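S.K.: Make a model of this:
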Amino acid sequence: MANDRNQMVSVRQRRSSRGLFSPEVVELVVPPLKFGGYAGTAGVLAGVGGSIFQEANPIIWGAVSGFQWFTLGTSFWFTRSIIVKGWGGEERLKNGDKTIASAIAGTAAGSVGGLIRGPKNILPAMFVFTIVGAGGQTIANRMATRKPKVQDEKESFWSRWSPLKKLTDQEYRDMMSEKMLRIDADIALIDDRIAELKKQAEDEELKGSST
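M.R.: The predicted structure follows:
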């Protein structure tokens, strides 16, 4: 009996430590909600800005626009997450597969947005958001695969005419050591000059005392 109770307690502790939902559910639900929150924030700002031009209530416009964009963003990212996970994960997908997944997710988001605005807007919204999803993913793919261009200073127009030059650590050390040597040489010349002046002063004092 004691062992059974200990096992029950350990099982309850594990469930409480994991939370109400499994990690798979949290991983599938939380990112779409975050993406929807960002989209909803942008929608609120757009709604408030649009109400100024329409001379409407900014609170109502902001709330309605924020809700619509939150729904669109959440449904888009949720659908895309399901498709990507079903196809093996983000790392295994090619750029073309990612574009197809985003296009399908855009279609789903457009259908949801069309339902919110009315049945007449379902097909146009699906078409528009399909293009937006595919186009956005295509741009993201190009940005991810594009390598930064390394510009040679000799070939750059501005670097040839600019008085400033980027130094390496070794060049900086050499420059500083050269300046220190020049400073030491100047100090040595000043010391020699001071010694000569002192000697001249002493000679003049000796001549004055002898006369």
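
S.K.: measure residue 126 to residue 40 for me?
M.R.: Using Cβ to Cβ, to the nearest Å, one obtains 21 Å as the distance from residue 126 to residue 40. The C-beta positions use only the backbone N, C-alpha and C, and glycine is treated the same way.

S.K.: quick check, distance from the strand or helix carrying residue 141 to the centre of its chain.
M.R.: Per DSSP states H and E, residue 141 falls inside helix 122-145. On the basis of Cα atoms, centre = their mean, to the nearest Å, helix 122-145 sits 21 Å off its chain's mean C-alpha point.

S.K.: List every C-alpha atom in it, with coordinates, as CSV.
M.R.: Extracted C-alpha coordinates of helix 122-145, given in CSV (Å, rounded to 0.1, in the frame of the first residue of the first chain):
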residue,chain,number,x,y,z
ILE,A,122,-14.0,34.5,-48.3
LEU,A,123,-12.7,33.8,-51.8
PRO,A,124,-11.0,37.1,-52.3
ALA,A,125,-9.4,36.9,-48.9
MET,A,126,-8.2,33.4,-49.5
PHE,A,127,-6.6,34.5,-52.8
VAL,A,128,-4.9,37.5,-51.4
PHE,A,129,-3.5,35.8,-48.3
THR,A,130,-2.3,32.8,-50.3
ILE,A,131,-0.2,35.2,-52.4
VAL,A,132,0.9,37.1,-49.3
GLY,A,133,2.0,33.9,-47.6
ALA,A,134,3.9,32.5,-50.5
GLY,A,135,5.5,35.8,-51.4
GLY,A,136,6.6,36.5,-47.8
GLN,A,137,8.1,33.0,-47.5
THR,A,138,9.9,33.5,-50.8
ILE,A,139,11.5,36.7,-49.5
ALA,A,140,12.4,35.0,-46.2
ASN,A,141,14.0,32.1,-48.1
ARG,A,142,16.1,34.5,-50.2
MET,A,143,17.2,36.5,-47.2
ALA,A,144,18.2,33.3,-45.4
THR,A,145,20.2,31.9,-48.2
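
S.K.: Show me this structure divided up by domain.
M.R.: For the chain, automatic domain parsing gives the domain ranges 24-145, 164-210.

S.K.: Understood, closing this out.
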